[in-house]
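Visitor: Give me the fold of what follows.
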Amino acid sequence: MAVSNQEFLVANVPGVDSLKPKILKWRRQEKVLDKWLVKRLETILPQVMKRSGIDCWIICNKEYNEDPVYWTISPFSSITARRLTILIYYQNKEGIVERYSVTRYPVDNYIQKWTDTSITQMDTLAAFLKELNPEKIGLDISNTFAFADGLSHNLYRQMTAAFDEEQKAKIVSAENIVVGWLETRCEEEMAAYNDIVGIAHAMIAEAYSNKVIHPGVTTADDVKYWMMEKTVELGLEPWFDYSVSITRNGTEHYEGDEVIIPGDMLHCDVGFRYLNLCTDTQELCYILKDDELDAPADLKAAMKVTNRLQDIVAEHFITGKTGNEILLESLAQAKEEGIKATIYTHPLGFHGHAAGPTIGLWDQQGGVPGDGDYPLHDNTAYSLELNARVYVDTYKAEVRMPMETDILYKGGKVYFLAGRQTEFHLVK
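Guide: Below you'll find the predicted structure:
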């Protein structure tokens with residue numbers, strides 16, 4: 001059964017080297033990202049602050065001990081905080097978010113409030129908050145989301161020492177602002193994401209070819225490091241250590257210096273960051289034997305089972321459902337259809353394992369307390385990561401078929417960014 005709300009954003013995927021001129025140089029990236037930041041501050045931040053019910057949000061961090069959200073909300077040139085950097089966001093009665101900084105150095109697009117350095121930054125912050133008189137003061141403290149737990153204990157103590165009792169009574173966790181800010185994509189980011197994921201598809205396609213793989217000679221690590229080095233050569237940033245593994249005869253699994261031979265099934269896990277957006281992709285390759293022109297029919301059928309599992313999860317992406325609801329409903333439907341499924345889908349964006357609803361972990365298939373209880377929102381991206389276990393007669397064994405493809409949830413629809421794998425990559 002086709003997924004009624006599933007659509008594809010298919011990118012033209014040429015050789016990966018031909019994409020290098022398209023990847024922006026540092027100076028051009030700065031202009032693009034700063035323009036996106038202004039758009040996000042003017043549209044996304046007011047939306048998530050209103051939704052959270054918090055009218056004042058404070059980010060407070062020191063140089064080299066930055067709050068996880070700091071680099072996502074500061075100008076491109078602000079690679080680190082400077083000394084003690086305090087940013088204040090106040091949503092006024094008209095719904096506009098005013099931006100202030102209590103810092104030694106000015107921050108672009110923020111109104112600087114610490115001008116009298118005879119008064120400490122914390123005392124300046126407390127005095128300015130009295131002027132604003134917000135109803136709630138959101139701080140980055142959270143039991144659930146690491147992204148929203150960036151305020152250090154020492155800075156919290158200094159801040160509350162400067163606050164009066166009324167101000168301290170207004171303190172709440174800003175986790176809903178932080179997660180909403182991080183997970184929500186602006187229109188420009190969503191438009192760019194398709195080609196960014198297309199780069200990942202192109203790199204994997206080239207790695208899974210005779211240009212890179214010489215059966216009997218090339219190892220799993222040779223393929224892994226070719227992709228890592230290609231990532232850096234293109235000016236992209238790996239956000240985790242890539243992996244390439246070998247499944248042999250259905251039950252044997254190898255990595256590292258194991259030589260690739262005909263009949264092997266290869267699995268890769270690749271993810272990089274470009275324009276502040278992460279990819280996370282797993283695809284499969286089959287090494288043809290001398291008498292083969294295609295992968296075995298039953299192995300191809302096993303991939304289709306995993307594709308069907310992807311469809312099932314996509315069907316259950318409905319705004320307002322929690323990650324745990326999507327997980328359990330998808331697993332129940334997979335079981336009804338006879339699919340042995342494991343689902344471990346996660347948000348994607350500024351981070352690889354990003355802020356938003358966790359939809360299962362590989363070792364927590366009954367639901368994930370906390371971040372699995374967070375609801376699905378529109379204009380968000382995910383890495384649809386999962387596997388189906390399928391008996392393959394060629395191997396006389398049950399084979400695990402793990403795949404991971406990146407998706408966008410926009411307007412109540414699931415889009416497969418730059419398409420998805422439905423056929424094996426083949427190496428002759």
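Visitor: Could you pull out the buried residues of stretch 130-139?
Guide: 134, 137, 138, 139 (16 or more other Cβ atoms under 10 Å). Yep, even glycine has a C-beta here, placed from its N, CA and C like the rest.
Visitor: Could you do stretch 70-88 as well?
Guide: Burial within stretch 70-88, assessed by neighbour count using 16+ other Cβ under 10 Å, is assigned to 70-76, 78, 81, 84-88.
Visitor: gap between the two ends of it?
Guide: With Cα to Cα, to the nearest Å as the measure, the ends of stretch 70-88 fall 12 Å from one another.
Visitor: Mind checking which of the buried residues of stretch 70-88 land in helices?
Guide: 70, 71, 72, 73 (DSSP state H).
Visitor: Relative to residue 31, how far out is residue 25?
Guide: 10 Å (Cβ to Cβ, to the nearest Å).
Visitor: Looking at those two, which one has more neighbours?
Guide: A direct count of neighbours by other Cβ atoms under 10 Å for residue 25 and residue 31 places residue 31 higher, at 11 against 8.
Visitor: Geometric centre of the chain: which residue is closest?
Guide: Centroid check for the chain by Cα atoms, centre = their mean gives residue 348 as the closest residue, at 1.9 Å.
Visitor: Could you report the distance from that residue to residue 34?
Guide: Distance, residue 348 to residue 34, by Cβ to Cβ: 22 Å.
Visitor: that older thread, can you redo the ones in helices among the buried residues of stretch 70-88 as a markdown table with distance to residue 208 and pLDDT?
Guide: Below are these laid out as a markdown table (distance: Cβ to Cβ, whole Å; pLDDT from 0 to 100):
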| residue | distance to residue 208 | pLDDT |
| --- | --- | --- |
| 70 | 38 | 96 |
| 71 | 33 | 95 |
| 72 | 33 | 97 |
| 73 | 38 | 96 |
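Visitor: thinking residue 427 is in contact with residue 284, fair?
Guide: No: in this structure residue 427 lies outside contact range of residue 284 using Cβ atoms under 8 Å: 11.7 Å.
Visitor: Okay, buried residues for stretch 377-396 please.
Guide: Across stretch 377-396, burial judged by 16+ other Cβ under 10 Å covers 377, 379-390, 392, 395.
Visitor: taking these one by one, which sit in strands?
Guide: Residues of the buried residues of stretch 377-396 located in strands (DSSP state E): 380, 381, 382, 383, 384, 385, 386, 387, 388, 389, 390, 392.
Visitor: The third one: what's it in contact with?
Guide: The reference is to residue 382. 345, 346, 347, 348, 356, 359, 406, 407, 409 (Cβ atoms under 8 Å, 6 or more residues apart in numbering).
Visitor: check which helix or strand covers residue 369.
Guide: Applying DSSP states H and E as the criterion places residue 369 outside every helix and strand.
Visitor: before we move on, back to that, dump the residue contacts of the residue nearest to the centre of the chain.
Guide: 278, 279, 280, 354, 381, 382, 383, 406.
Visitor: from these, which is closest to residue 154?
Guide: residue 354 (27.5 Å; Cβ to Cβ).
Visitor: so who does the closest one touch?
Guide: 182, 183, 278, 346, 347, 348, 381.
Visitor: now do 6 Å
Guide: Counting by Cβ atoms under 6 Å, 6 or more residues apart in numbering, residue 354 touches 347, 348.
Visitor: bridging residues for residue 322?
Guide: residue 375 (DSSP bridges).
Visitor: So it versus residue 313, what's the distance?
Guide: For residue 322, the distance to residue 313 - Cβ to Cβ - is 14 Å.
Visitor: Which one's more surrounded, those two?
Guide: Between residue 322 and residue 313, counted using other Cβ under 10 Å, residue 313 has the larger neighbour count: 27 against 19.
Visitor: which residue sits closest to that one in space, ignoring its chain neighbours?
Guide: residue 330 (4.6 Å; Cβ to Cβ, 6 or more residues apart in numbering).
Visitor: So that neighbour lies in a helix, does it not?
Guide: Yes: if the criterion is DSSP: H, G, I helix; E, B strand; the rest coil, then residue 330 is within a helix.
Visitor: circling back: residue 171: which of the buried residues of stretch 377-396 is nearest?
Guide: residue 377 (25.0 Å).
Visitor: Could you check the pLDDT of that closest one?
Guide: Per-residue confidence at residue 377 stands at 98 (pLDDT).
Visitor: Over to residue 17?
Guide: pLDDT, residue 17: 79.
Visitor: and what of the one 3 residues further on?
Guide: Reading off the confidence values, residue 20 has pLDDT 78.
Visitor: Could you tell me whether residue 327 really is in a strand?
Guide: No: counting by three-state DSSP, residue 327 falls outside a strand, being helix.
Visitor: Many thanks, we can stop here.
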